[in-house]
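> Take a look and give me a structure for this.
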Amino acid sequence: MREKQALTTGEVAKFCGVNFRTVIRWIERGHLQAYKLPGRGDNRIPVSGFVEFLKDNHMPVPDELLLGGKTLVFLSDDSPACAEIASLVRRSGWEVMMTSDDIQFGFLISERQPAAVAVSRVSAQQSVERLLRDQDGRETLFILIDSGDIDGASDHPAWTHIAWPRQSTTLAALLSGEGSNERQ
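Numbering: from 1, shown residues only. All right, here's what the predicted structure looks like:
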């Protein structure tokens with residue numbers, strides 16, 4: 001769950017890359033939902049209203065403002081297991097963005113800078129690592145999910161290998177923070 005329920009005009013300005021006076025104008029014009037604190041009269045912007053404002057204006061929503069700041073981008077195959085995996089990810093409190101297209105997958109990673117990346121084929125591992133190598137020290141959870149025996153998974157020590165569906169509880173624990181980011 002989000003730690004903060006409301007943001008200051010300065011915090012909103014920083015997220016949007018604008019001056020705090022611009023945020024005040026958005027509030028005054030009714031573009032951004034806010035309330036005033038009693039006494040001082042400072043504005044506070046509810047996080048949920050700010051996220052809605054960002055989405056309505058086609059602006060990126062920072063992960064820390066999403067529910068728990070948890071986004072997982074999943075490069076899936078067309079197997080029925082992938083829908084089950086996505087469902088488990090959602091039940092674990094994560095937003096899941098799933099695609100089977102390599103180009104769309106790269107776009108989603110670049111645009112969203114997700115907290116976790118999952119793939120269903122070994123060949124995608126190096127590409128993902130290249131895409132995410134320059135992301136300012138942010139920790140990313142790398143997950144290789146397979147529904148069969150994948151050879152070569154151990155070649156990438158940063159990746160957690162999950163055998164689906166046998167290790168579905170391991171995946172749930174990993175996403176809930178109870179597991180570790182080590183290979184299985």
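
> Need the residues that contact stretch 86-102.
66-68, 70-78, 82, 105, 108, 112, 114, 116, 118, 124, 127, 168, 171-172, 175-176 (Cβ atoms under 8 Å, 6 or more residues apart in numbering). C-beta: built from backbone N, CA, C; applies to glycine.

> Just the ones in strands from those, please.
T71, L72, V73, F74, L75, A116, A118 (DSSP state E).

> Give the other helices and strands that the lowest-mean-pLDDT helix or strand in the chain contacts.
Within the chain, confidence by mean pLDDT, DSSP states H and E is lowest for helix 125-132 among all helices and strands, at a mean of 76. Under the contact criterion of 3 or more Cβ pairs under 8 Å, 6 or more residues apart in numbering; DSSP states H and E, helix 125-132 touches helix 102-112, strand 116-119, strand 141-146.

> in it, what counts as buried?
Q125, V128, L131, L132 (16 or more other Cβ atoms under 10 Å).

> JSON lines for these, including distance to I143?
Shown next, in JSON lines, are the buried residues of helix 125-132 (distance: Cβ to Cβ, whole Å):
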{"residue": "Q125", "distance to I143": "10"}
{"residue": "V128", "distance to I143": "10"}
{"residue": "L131", "distance to I143": "15"}
{"residue": "L132", "distance to I143": "13"}
